[in-house]
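Visitor: Provided below are the primary sequence and the corresponding predicted coordinates.
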Amino acid sequence: MFSSYSLSKCLVAFHILAIQLLVGSASSLNLTNEYLHHKCRVNQGKYQSGSEYEKQLNSIIRTIAADRLIDGFIHTSNENDNNSVTIIFQCRGDSYRSKCFPCFATALAGFRKRCPRNKGGIIWYDQCFLDVSIINDHVPRRMNFENTFSMHNPNNARGNTNSFNKKTTDLLYNLIVKADRPDVDGLNFLYYAAGEIRLGKQTLYAMVQCAKDILSCKNCLEWSIRELSKCCDGKQGGRVLSTNC
């Protein structure tokens with residue numbers, strides 16, 4: 001038996017990035033689908049070819065393929081005590097509908113290549129992330145501080161660093177307000193926002209996003225902003241990524 005949790009609005013998709021920050025041209029936020037990072041859950045063991053676990057995993061994958069991920073997010077489990085498989089997958093908030101499912105196929109192939117026959121693992125791409133586990137983290141999920149990482153542009157931003165950092169933080173907190181709000185029908189939450197501000201002759205672009213099934217989007221994004229200040233102060237670009245926001 002399968003249980004799943006997915007979005008009800010096809011115009012909304014949820015997150016690979018907690019925070020994304022770039023300084024540059026308008027093309028800075030154009031969609032790519034580069035591999036970003038992965039983590040194999042070696043402590044969850046490996047499965048053998050033809051095993052019951054492999055059958056359960058392939059069954060869930062077929063279910064997701066049939067769904068086509070129109071909503072951009074899914075959290076599904078087979079609820080099997082002996083061979084439990086849970087998959088959480090989400091696309092970036094500006095990559096949904098027809099753009100989302102191809103990223104699932106890419107992420108699945110990447111996971112199988114980088115974590116061959118591992119029962120669990122996580123892989124991040126620019127447009128999506130895939131989380132496979134033998135443990136079902138029931139909805140709503142709490143913040144997981146283990147599966148996080150950061151990236152940054154090696155180049156420093158021009159001008160006054162303190163002013164740049166303050167304007168960056170202000171923009172991100174404004175985006176949190178936009179992300180953590182009801183959508184047009186007041187029932188679901190968008191949990192995604194992007195914006196920009198002018199910095200002299202340059203433009204600062206930022207993006208925030210949470211997964212639909214986490215306990216608190218606001219708290220998750222505020223934590224990510226604090227992490228961004230540790231890794232990326234004064235840098236022209238930076239990201240903090242997790243499986244929650």
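Guide: Right, received. Where do you want to start? Residues are numbered from 1 along each chain as shown.
Visitor: show me where this protein has its helices.
Guide: Per DSSP state H, the chain carries helices over the ranges 52-67, 100-114, 161-179, 217-232.
Visitor: take those and write them to a markdown table, including distance to R142 and mean neighbour count.
Guide: Every residue, glycine included, has its C-beta placed from N, CA and C. Shown next, in a markdown table, are the helices of the chain (distance: least, CB to CB, whole Å; neighbours: other CB atoms under 10 Å):
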| stretch | distance to R142 | mean neighbour count |
| --- | --- | --- |
| helix 52-67 | 23 | 15 |
| helix 100-114 | 23 | 18 |
| helix 161-179 | 19 | 16 |
| helix 217-232 | 10 | 19 |
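Visitor: take the ones you listed and write them to a markdown table, including mean pLDDT and distance to Y35.
Guide: Converted to a markdown table, these look like this (pLDDT from 0 to 100; distance: least, CB to CB, whole Å):
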| stretch | mean pLDDT | distance to Y35 |
| --- | --- | --- |
| helix 52-67 | 93 | 20 |
| helix 100-114 | 95 | 6 |
| helix 161-179 | 92 | 25 |
| helix 217-232 | 93 | 20 |
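Visitor: mind putting these into CSV with distance to N83?
Guide: As requested, the helices of the chain are arranged in CSV below (distance: least, CB to CB, whole Å):
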stretch, distance to N83
helix 52-67, 5
helix 100-114, 18
helix 161-179, 37
helix 217-232, 31
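Visitor: how about the ones you listed, which one is nearest G93?
Guide: Closest to G93 of the helices of the chain is helix 161-179 (CB to CB; 8.5 Å).
Visitor: pretty sure H75 contacts I64?
Guide: No - between H75 and I64 there is no contact under CB atoms under 8 Å: 10.7 Å.
Visitor: which neighbours do the two have in common?
Guide: Residues within reach of H75 and of I64 at once, by CB atoms under 8 Å, 6 or more residues apart in numbering, are I87.
Visitor: where do the strands sit along this structure?
Guide: For the chain, the strands defined by DSSP state E cover 3-6, 17-24, 35-40, 73-77, 86-91, 121-125, 128-133, 149-152, 192-199, 202-209, 237-241.
Visitor: can you say which of those is nearest to R226?
Guide: strand 237-241 (9.1 Å).
Visitor: direction included, what does the closest one pair against?
Guide: strand 17-24 (antiparallel), strand 149-152 (antiparallel) (DSSP bridges).
Visitor: would you single out the least confident of those?
Guide: Among the strands paired with strand 237-241, strand 17-24 carries the lowest mean pLDDT, a mean of 62.
Visitor: CA atoms only for stretch 157-176 - export them in PDB, please.
Guide: Written as PDB, here are the backbone C-alpha positions of stretch 157-176 (Å, rounded to 0.1, in the frame of the first residue of the first chain):
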ATOM      1  CA  ALA A 157      30.700  41.900  -4.200                       C
ATOM      2  CA  ARG A 158      31.900  45.300  -5.100                       C
ATOM      3  CA  GLY A 159      31.600  48.300  -2.700                       C
ATOM      4  CA  ASN A 160      30.700  48.400   1.000                       C
ATOM      5  CA  THR A 161      30.500  44.900   2.300                       C
ATOM      6  CA  ASN A 162      28.400  45.800   5.400                       C
ATOM      7  CA  SER A 163      25.900  47.600   3.200                       C
ATOM      8  CA  PHE A 164      25.700  44.800   0.700                       C
ATOM      9  CA  ASN A 165      25.200  42.200   3.500                       C
ATOM     10  CA  LYS A 166      22.400  44.300   5.100                       C
ATOM     11  CA  LYS A 167      20.600  44.800   1.800                       C
ATOM     12  CA  THR A 168      20.900  41.100   1.100                       C
ATOM     13  CA  THR A 169      19.500  40.100   4.400                       C
ATOM     14  CA  ASP A 170      16.600  42.700   4.100                       C
ATOM     15  CA  LEU A 171      15.700  41.300   0.700                       C
ATOM     16  CA  LEU A 172      15.700  37.700   1.900                       C
ATOM     17  CA  TYR A 173      13.500  38.500   4.900                       C
ATOM     18  CA  ASN A 174      11.100  40.300   2.700                       C
ATOM     19  CA  LEU A 175      10.900  37.200   0.500                       C
ATOM     20  CA  ILE A 176      10.200  35.100   3.500                       C
END
